[in-house]
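[1] just need the structure, nothing else, for what follows:
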Amino acid sequence: MKLVKTSLLNAIAVFVKMVVLFGINKALAIFVGPSGYALLGQFQNIVQIVATFSSGAINTGVTKYTAEYADDPDKQKRLWSTAGTISVIGAFFSMLIIIFFKKELAVWLLHDENLDTVFIFFAIGLVFFVLNTLLLAILNGKAEIRLYVMANLLGSLISFLITVALTASQGLWGALVALSIFQSGAFFSTVYLCRKAAWFRVSYLFGRLDTEITKNLFKYTMMASTSALCFPVSNILVRDHLIDIFGNVSAGYWEAMTRLSGASMLLFSSVLSVYYLPKYSALKGGATIKKEVFHGYKIILPAVMFCCIAIYLLRDFIIMLLFSSEFLPMRDLFFWYQVGDFLKMGSWILAFIMIGKAMVKIFIVSELVFTATYVGLTFIFTEHYGLIGSAMSYALNYLLYWIVLYFVIRKNVFKSGVY
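    Model (predicted):
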């Protein structure tokens, strides 16, 4: 599927998802304020970690091998049944652990034992959460972009309705519950959409573990586990540091900026996931991959730059539209975050080569190194420049990441021809 066609199809769902995320941000800004944002960020990072490890961190591998086994339906079925069984077993054991330690988790993450019921909701919905992400990974791997778009669109609408309803009626507790369950609800809409697809049977998602496929998925478990641990943990460390140094409100500004960054770059990051992961998996030869990378740079990076400049120029309007006047101090973070977003998208086009080609060691080392540098730079820069130092460290870290990745990929892929 062509990059432009994929981008246009995916843009429909992403546009809706962006509107939904902005709507959710507005509701959260009104009902929980800047200080509540910090707690929501802590909880969301834990949700990401638990959901990834519960599924065995295999969904990226499912996308790759579903695409790779396109001409072997039987092997695809063995892949899906293996992945589904791993996901359900992982979700079940995670559920028991979360319920058993719910009070400890509430005190550690949310600083309030009375919020332990939030973790019960999360634990119960976890199996649906991981099965939904598995189905989306299969749709992506089969390049069924229309179904993939519709599933994400409905999931976005469901998350919006649940979050607004619970936050408006229950405040912070409701917002936390919404973060716990909205993807679980999206599972049923995804199943409904897939029900008539020729390849879809619920029985295909469960069965005996295939040794060869499990071994192949384990490579992606290692990579996805590293990402699932590094990104949320780094955010938790940075957020804790900002709370300790500047307080909950300033940490809330940083959290709001981080959320805005993720939402505004959603179209571009989703194109990389939907188009580049299956594409890199299928391409052979360093020259072919290099050509695809520079093709992406010519199309994606100018669009990213335009978007970043527009966001910076409209920052005051955006804050008032998506948040509230309480969040106006976050305007100082915009410049460096827009620089960082541009650098991030440039580096990610290269980073997806490591995922698509299962370059496990290089991927893991780069994730660990640049997670550490991000946290370290944040600690140093905030000491000298205040809260704005957190945004400066974000930009500098992605600049360093892009430079290092270019030389690594140039040596191991573009010139070697191994892949």
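
[2] spatially nearest residue to Ser273, not counting backbone neighbours?
    Of all residues not flanking Ser273 in the chain, Asn140 sits nearest, at 7.1 Å (Cβ to Cβ, 6 or more residues apart in numbering). (Each C-beta comes from the backbone N, C-alpha and C, glycine too.)

[3] so what's the residue count around the one you found?
    25 (other Cβ atoms under 10 Å).

[4] next: Val107.
    Counted with other Cβ under 10 Å, the neighbours of Val107 add up to 14.

[5] same question, the one 10 residues further on
    By the criterion of other Cβ under 10 Å, Thr117 has 14 neighbours.

[6] what residues are up against it?
    Listed by Cβ atoms under 8 Å, 6 or more residues apart in numbering, the contact partners of Thr117 are Lys102, Trp173.

[7] tell me how far it lies from Ile124.
    11 Å (Cβ to Cβ, to the nearest Å).

[8] quick check: which element contains the residue nearest to Ser273?
    Secondary structure assignment for Asn140, by DSSP states H and E: helix 117-141.

[9] can you give me the buried ones in that helix?
    Within helix 117-141, the residues that count as buried by 16 or more other Cβ atoms under 10 Å are 118-119, 121-123, 125-141.

[10] report the angle between the helix or strand following it and helix 117-141.
    Scanning forward in sequence from helix 117-141 by DSSP H and E, the next helix or strand is helix 145-194. In terms of direction (axes from the mean of the first three to the mean of the last three Cα atoms, to 10 degrees), helix 145-194 departs from helix 117-141 by 130 degrees.

[11] show me what secondary structure element comes after helix 145-194.
    Using DSSP H and E, the helix or strand that follows helix 145-194 in sequence is helix 211-246.

[12] can you pull out the residues in contact with the helix or strand just after that next one?
    Once helix 211-246 ends, the next helix or strand along the chain (criterion: DSSP H and E) is helix 248-264. With Cβ under 8 Å, 6+ apart as the test, helix 248-264 has contacts from 18, 21-22, 25, 29, 33-38, 40-41, 235, 238-239, 242-243, 307, 311, 318, 322-323, 327, 329-330, 333-334, 337, 340-341, 387, 390-391.

[13] of those, just the buried ones, PyMOL syntax please.
    Listed next is the PyMOL selection for buried residues among those, using 16+ other Cβ under 10 Å:
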select buried, resi 18+21+22+25+29+33+34+35+36+37+38+40+41+235+238+239+242+243+307+311+318+322+323+327+330+333+334+337+340+341+387+390+391
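
[14] the nearest residue to Phe200 once chain neighbours are set aside and Ile300, how far apart?
    In space, Phe200 comes closest to Cys194 once its chain neighbours are excluded; the distance is 4.4 Å by Cβ to Cβ, 6+ apart. Separation of Cys194 from Ile300 (Cβ to Cβ): 29 Å.

[15] and Tyr312, by the same measure?
    Taken as Cβ to Cβ, the span from Tyr312 to Ile300 is 19 Å.

[16] more neighbours, these two?
    Neighbour totals were compared for Tyr312 and Ile300, and Ile300 leads with 22 against 16 (other Cβ under 10 Å).

[17] how about the contacts made by the more buried one?
    Each residue near Ile300 by Cβ under 8 Å, 6+ apart is listed here: Phe268, Val271, Met345, Ile349.

[18] distance to Leu105 and neighbour count added to those residues, as TSV?
    Below are these laid out as TSV (distance: Cβ to Cβ, whole Å; neighbours: other Cβ atoms under 10 Å):
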residue	distance to Leu105	neighbour count
Phe268	34	21
Val271	35	24
Met345	34	25
Ile349	37	24
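
[19] reformat those as JSON lines; add secondary structure.
    Conversion of these to JSON lines gives the following (DSSP: H, G, I helix; E, B strand; the rest coil):
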{"residue": "Phe268", "secondary structure": "helix"}
{"residue": "Val271", "secondary structure": "helix"}
{"residue": "Met345", "secondary structure": "helix"}
{"residue": "Ile349", "secondary structure": "helix"}
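
[20] redo the residues you listed as TSV? Include distance to Val413.
    Formatted as TSV, the contacts of Ile300 follow (distance: Cβ to Cβ, whole Å):
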residue	distance to Val413
Phe268	22
Val271	20
Met345	19
Ile349	13
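
[21] the residue nearest to Phe200 touches Leu147, doesn't it?
    Yes - contact criterion Cβ atoms under 8 Å: Cys194 and Leu147 qualify, at 6.5 Å.

[22] which residues do these two both contact?
    Shared contacts of Cys194 and Leu147, counting by Cβ under 8 Å, 6+ apart, come down to Leu139.

[23] quick one: Ile46 and Leu179, what's the gap?
    Relative to Leu179, Ile46 is positioned 10 Å away (Cβ to Cβ).

[24] go on, Pro302?
    The value you get for Pro302 to Leu179, if Cβ to Cβ is used, is 35 Å.

[25] comparing the two, which shows the higher neighbour count?
    Leu179 (24 against 10).

[26] cool, thanks, talk later.
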